[in-house]
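**Q** 3D, please:
(2 chains)
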Amino acid sequence: MIIRFQLDGSSMETDVEPGTSLLEALRGLGATSVKDGCSHGDCGTCAVLLDGRAVAACLLFAAQVDGSSIETVAGMAGEEGLHPLQSALLDAGAVQCGFCTPGILLTALELLKNNPDPDEVEVRQALAGNLCRCTGYVKIIEGVLLGADRLAGAEGGS
Amino acid sequence: MPLTQIRAFHRPDHIEGVWHLLQEGPEVRLVGGGSELAIRCPSEVRVLVDLAYLGLDRIELADDGSITLGAMVTLTDMLEHPELRALPSGVIQEMMVHVGSPLLRNAASIGGHLARGWLSDVIPVLLVLDASVELYDGEYRTTTLDRYYRDGIHNGLHILTAVTIPPASNGRAAAFLRFSRSAYDHALANAACLVDIEEGRVGTARIALSAGFRAAARQPASESQLVGSGFTDENITAAVSALEIDAHSDWLASADYRSHLARTLVGRCLHLARERAGGGS
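**A** Residues are numbered from 1 along each chain as shown, chains lettered A, B, ... in the order given. Below you'll find the predicted structure:
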């Protein structure tokens, strides 16, 4: 079946089998920043933003996103460089093997859009579905809080 | 995933079309949020029917104060909706932050969540809020959520189209508690209660609990221990003693352990609700 959607701002059209997951469809289109960790909705490495909401791409059928907008971590950086949240995670030392990082960035991005000044508990709750096998959670949470500060500063200065 | 046995994915835009497809046999399944099917799709399923095009994604407030949730309303929509957050003691929010993670709540639909009919933190809270469900099986009908599970209606062929929460009177207090091995894990047991106190006595009492993988159930024998009596420690103990617990054993916990947990959670819920109601003992 043919589905059409926006992927990081570009129009996409692809032919998928009816049981194809969104994760498979995206990786099939070359969007390999969307990682395949568990395929059971447990790890969050495949998180994408679906119409602005972070979802596990392995738990959706590709057919469900027909007509929707998908954002991946590959679309976060702009012409001016990394997104402030990406830079914050790097500066906080929040990236070890890096496999969980795309999902964490997108889940945290949704959090900060809805709650620009979260406390540590709110960050932990938001990232409850994103596992880091390197167990580097303390640095990840520090990185998200640093990103929130930087985004607030950027908005305040603009 | 991938579900290679799936041969068709339909997207009807009217309920009669969904019902027509659903009647074709056990190889047909409805897609709400999709996550349940993605993880546990039965091997006989060949055809998926998406409910996303029926306009069931709205939360509507009636003049009498009742709140109707279309079946495709997500758990995140419920968590964030101001009228739902304003229900007694903020019990929807208290419960919902424990359901899965934002990634799951953003996709999971309330209709799909209720229709699967097994262990859930949402069900006991909706039971004590006296929720009802609207079904379509060739025609629309409504039943209480309590009867939906107690009479096995959830196992029959139907489309769950909406959930309605009646208006809550002033002075009611509610509480929800769960216990799990980790924050992200399924609850081993959970409990919810709702009470109101009239002139020092319990006017309304609703208690629901689950202690296994079956959906939660109301506890009428325990509720009757409280109604018309003072909200005392002794009456709370009597209510806990009257619980009829349908616990089971599995690799996570024994039935005895789950039963003990359930009694403890109900007792704590009732004490918490009494505190929130401003005492009353």
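**Q** find the centremost residue of chain A, please.
**A** A:Leu106 (2.3 Å; C-alpha atoms, centre = their mean).
**Q** and that residue, which of the three is it?
**A** Recorded secondary structure, A:Leu106: helix (DSSP: H, G, I helix; E, B strand; the rest coil).
**Q** so for residue 22, what's the pLDDT?
**A** Answering for chain A, as no chain was given. Per-residue pLDDT puts A:Leu22 at 97.
**Q** correction: the question concerned chain B.
**A** Per the predicted model, pLDDT is 97 at B:Leu22.
**Q** for it, which non-adjacent residue is closest in space?
**A** Nearest in space to B:Leu22, with sequence neighbours left out and distances taken as C-beta to C-beta, 6 or more residues apart in numbering or on different chains, is B:Val28 at 5.5 Å. C-beta here means a position set from N, CA and C on the backbone, and glycine is covered the same way.
**Q** give me the neighbour count for that neighbour.
**A** 19 (other C-beta atoms under 10 Å in any protein chain shown).
**Q** buried residues, stretch A:116-123. List them.
**A** A:118, A:123 (16 or more other C-beta atoms under 10 Å in any protein chain shown).
**Q** again, but for stretch B:81-88
**A** B:81, B:84, B:87-88.
**Q** what residues are up against the residue nearest to B:Leu22?
**A** Counting by C-beta atoms under 8 Å, 6 or more residues apart in numbering or on different chains, B:Val28 touches B:21-22, B:45-49.
**Q** just give me the closest of these to A:Thr72.
**A** Lowest distance from A:Thr72 to the contacts of B:Val28 (C-beta to C-beta) belongs to B:Leu48, with 24.6 Å.
**Q** am I right that the closest one sits in a helix?
**A** No: judged by three-state DSSP, B:Leu48 forms no part of a helix; its state is strand.
**Q** confidence score at the one residue in the stretch 51-200 of chain B that gets nearest to chain A?
**A** Nearest to chain A, among the residues of the stretch 51-200 of chain B, is B:Ser101, at 2.6 Å (C-beta to the nearest C-beta). B:Ser101 is assigned 92 on the pLDDT scale.
**Q** neighbours of it, just the number please.
**A** The burial count for B:Ser101: 24, using other C-beta under 10 Å.
**Q** my guess is B:Arg147 meets B:Ile153, correct?
**A** Yes: contact criterion C-beta atoms under 8 Å: B:Arg147 and B:Ile153 qualify, at 6.7 Å.
**Q** between the two, which one's more packed in?
**A** B:Ile153 (19 against 13).
**Q** residues in contact with the more buried one?
**A** So B:Ile153 contacts B:135, B:143, B:147 (C-beta under 8 Å, 6+ apart).
**Q** swap in A:Ala128?
**A** So A:Ala128 contacts B:100-102, B:183-184 (C-beta under 8 Å, 6+ apart).
**Q** state the pLDDT value of it.
**A** pLDDT at A:Ala128 comes out at 92.
**Q** contacts only, for residue 52.
**A** Using chain A. For A:Gly52, counting by C-beta under 8 Å, 6+ apart, the contacting residues are A:69, A:71, A:110, A:113.
**Q** my question was about chain B, not that one.
**A** A:64, B:11, B:31, B:72.
**Q** pull the longest helix from the chain.
**A** Going with chain A. helix A:137-157 (DSSP state H).
**Q** hmm, I had chain B in mind actually
**A** Under DSSP H, chain B gives helix B:255-276 as its longest helix.
**Q** what does that one rub up against?
**A** With C-beta under 8 Å, 6+ apart as the criterion, helix B:255-276 contacts B:89, B:173-179, B:188-195, B:207, B:209-212, B:219, B:222, B:226, B:231, B:236-237, B:239-240, B:243, B:245, B:247-249, B:253, B:280-281.
**Q** what's the domain layout of chain A?
**A** If you go by automatic domain parsing, the domain ranges for chain A are A:2-75, A:84-157.
**Q** check these for me and report the most buried one.
**A** domain A:2-75 (a mean of 20; mean count of other C-beta atoms under 10 Å in any protein chain shown).
**Q** that one: end-to-end distance?
**A** Start-to-end span of domain A:2-75 (C-alpha to C-alpha, to the nearest Å) is 24 Å.
**Q** do the same with stretch B:227-242
**A** 13 Å.
**Q** mind listing what's buried along that stretch?
**A** B:227, B:229, B:231, B:235-236, B:239-240, B:242.
**Q** what about the residue nearest the centre of chain B, which SS state?
**A** By C-alpha atoms, centre = their mean, chain B has its centre lying nearest to B:Ile123, at 1.5 Å. Assigned by three-state DSSP, the conformation of B:Ile123 is helix.
**Q** that one contacts B:Arg150, doesn't it?
**A** No: here B:Ile123 lies out of contact with B:Arg150, judged by C-beta under 8 Å, at a distance of 11.9 Å.
**Q** all strands of chain A, in order?
**A** Under the criterion DSSP state E, chain A contains strands at A:2-7, A:10-15, A:47-50, A:53-56, A:69-71.
**Q** in chain B, where is pLDDT below threshold?
**A** Chain B contains residues with pLDDT under 70 at B:1-2, B:170, B:280-281.
**Q** quick one: the strands in it?
**A** Using DSSP E, strands in chain B cover B:8-10, B:28-31, B:47-50, B:59-61, B:67-70, B:132-136, B:140-144, B:159-165, B:172-179, B:189-198, B:201-210, B:217-218.
**Q** let's have the ones you listed in JSON lines, adding distance to B:Glu275.
**A** As requested, the strands of chain B are arranged in JSON lines below (distance: least, C-beta to C-beta, whole Å):
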{"stretch": "strand B:8-10", "distance to B:Glu275": "50"}
{"stretch": "strand B:28-31", "distance to B:Glu275": "42"}
{"stretch": "strand B:47-50", "distance to B:Glu275": "45"}
{"stretch": "strand B:59-61", "distance to B:Glu275": "29"}
{"stretch": "strand B:67-70", "distance to B:Glu275": "26"}
{"stretch": "strand B:132-136", "distance to B:Glu275": "29"}
{"stretch": "strand B:140-144", "distance to B:Glu275": "28"}
{"stretch": "strand B:159-165", "distance to B:Glu275": "23"}
{"stretch": "strand B:172-179", "distance to B:Glu275": "8"}
{"stretch": "strand B:189-198", "distance to B:Glu275": "11"}
{"stretch": "strand B:201-210", "distance to B:Glu275": "14"}
{"stretch": "strand B:217-218", "distance to B:Glu275": "23"}
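**Q** tell me which of those strands is the most buried.
**A** Counting by mean count of other C-beta under 10 Å, the most buried of the strands of chain B turns out to be strand B:189-198, with a mean of 26.
**Q** strand partners of that one, parallel vs antiparallel please.
**A** strand B:172-179 (antiparallel), strand B:201-210 (antiparallel) (DSSP bridges).
**Q** what separates the last one from the chain centre, distance-wise?
**A** Yep, that's strand B:201-210 we're talking about. 16 Å (C-alpha atoms, centre = their mean, to the nearest Å).
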